[in-house]
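Colleague: structural data only, the sequence is not supplied:
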């Protein structure tokens, strides 16, 4: 049970609600945003003292029934409820480290997709594998060390470093991608609290990038699906593609596929990028 993270998460979810959201009158002007702690306790059918201790990080582990009442009162989404149980220790956390070896069958799959740019990400956004078209669209990840292949570091360059501050690969949804990274990393840290590399990455970004720290303090945990993405390729220009992310749940990895409908401008751009890459390789 991570008492401090649980306390912070509960506070953040409580403060985003208004009395009207839960059927309560607004009443007199409130000194703090959101619901009062005693209001949450009454609606969740628990004692005010116990809920206050939860938000102070001093309460013993709550039962699944108590968490269910709190989740309903705070109008948590399914993803937020799962995260609540992870923090409270009532869901099984993956105590080991992230798997960073990609199954041979997955490597074979991405190589058999010549018209699709494909990468495999670890749950902390390290690029573990890629095919030729992905290298041509984004970059040749083989030229970077492990730290440089982490897309979270590229999305949130450390203040004062010589890293570019523009969105990685000129993507059009840079702010949305940043938000997605933070939400995914929060879940990864809750699932793998003993992974020293994940802990170190989050600490590095929180201390080194103010925007990451700001988004982290929001305690959001439900990434929105990214259905399309536009890259800005140095030779071809804008390349708009469909973006599909498939979870490899047994390995805590994600297969990301960038495709375009046949005959579309995106498909033509991908074909041109592949042709230019083939010419360079000869």
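Modeller: Happy to help now that I have it. It should be emphasised that the depicted structure is a prediction, and the values quoted were computed from it without experimental measurement.
Colleague: could I get the full set of strands for this structure?
Modeller: In the chain, the segments counted as strands under DSSP state E are 117-122, 127-130, 228-233, 237-248, 253-259.
Colleague: quick one, which of those strands gets closest to residue 103.
Modeller: Judged by C-beta to C-beta, the one of the strands of the chain that comes nearest to residue 103 is strand 237-248, at 7.8 Å. Every residue, glycine included, has its C-beta placed from N, CA and C.
Colleague: average model confidence for that closest one?
Modeller: For strand 237-248, the mean pLDDT works out to 92.
Colleague: oh, and call the first residue 18 from now on, that's how I've got it
Modeller: New numbering, starting at 18: the last item is strand 254-265.
Colleague: for stretch 145-162, buried residues please.
Modeller: The neighbour-count check on stretch 145-162 (16 or more other C-beta atoms under 10 Å) flags 145-156, 158 as buried.
Colleague: helices - which of those residues land there?
Modeller: 149, 150, 151, 152, 153, 154 (DSSP state H).
Colleague: okay, which residue is most central for this protein?
Modeller: residue 201 (1.9 Å; C-alpha atoms, centre = their mean).
Colleague: give me the low-pLDDT residue ranges for this structure?
Modeller: 43-49, 109-112, 240-241, 243, 295-299 (pLDDT under 70).
Colleague: in it, which spans are helices?
Modeller: Along the chain, the segments classed as helices by DSSP H run 20-32, 54-61, 65-72, 81-90, 95-105, 121-128, 149-154, 168-172, 191-208, 213-225, 227-233, 282-298.
Colleague: for residue 263, see how far away the residue nearest to residue 152 when sequence neighbours are not counted is.
Modeller: Leaving out its chain neighbours, the residue that sits closest to residue 152 by C-beta to C-beta, 6 or more residues apart in numbering is residue 158, at 6.6 Å. Between residue 158 and residue 263 the computed distance is 19 Å (C-beta to C-beta, to the nearest Å).
Colleague: likewise residue 53?
Modeller: From residue 53 to residue 263 the distance is 43 Å (C-beta to C-beta).
Colleague: again, but for residue 224
Modeller: For residue 224, the distance to residue 263 - C-beta to C-beta - is 33 Å.
Colleague: got a list of what the closest residue to residue 282 other than its chain neighbours touches?
Modeller: Among residues not flanking residue 282 along the chain, residue 257 sits closest, at 6.9 Å (C-beta to C-beta, 6+ apart). Applying C-beta atoms under 8 Å, 6 or more residues apart in numbering, we find residue 257 in contact with 245, 246, 247, 277, 282, 283, 286.
Colleague: from those, pick the one nearest residue 71.
Modeller: Among the contacts of residue 257, and counting by C-beta to C-beta, the member closest to residue 71 is residue 246, at 39.4 Å.
Colleague: mind listing what the closest one touches?
Modeller: With contact taken as C-beta under 8 Å, 6+ apart, residue 246 is in contact with 188, 189, 190, 257, 258, 260, 275.
Colleague: between residue 53 and residue 263, which one's more packed in?
Modeller: residue 53 (16 against 13; other C-beta atoms under 10 Å).
Colleague: is the residue nearest to residue 152 in contact with residue 144, as I believe?
Modeller: Yes: under the criterion of C-beta atoms under 8 Å, residue 158 makes contact with residue 144 at 5.1 Å.
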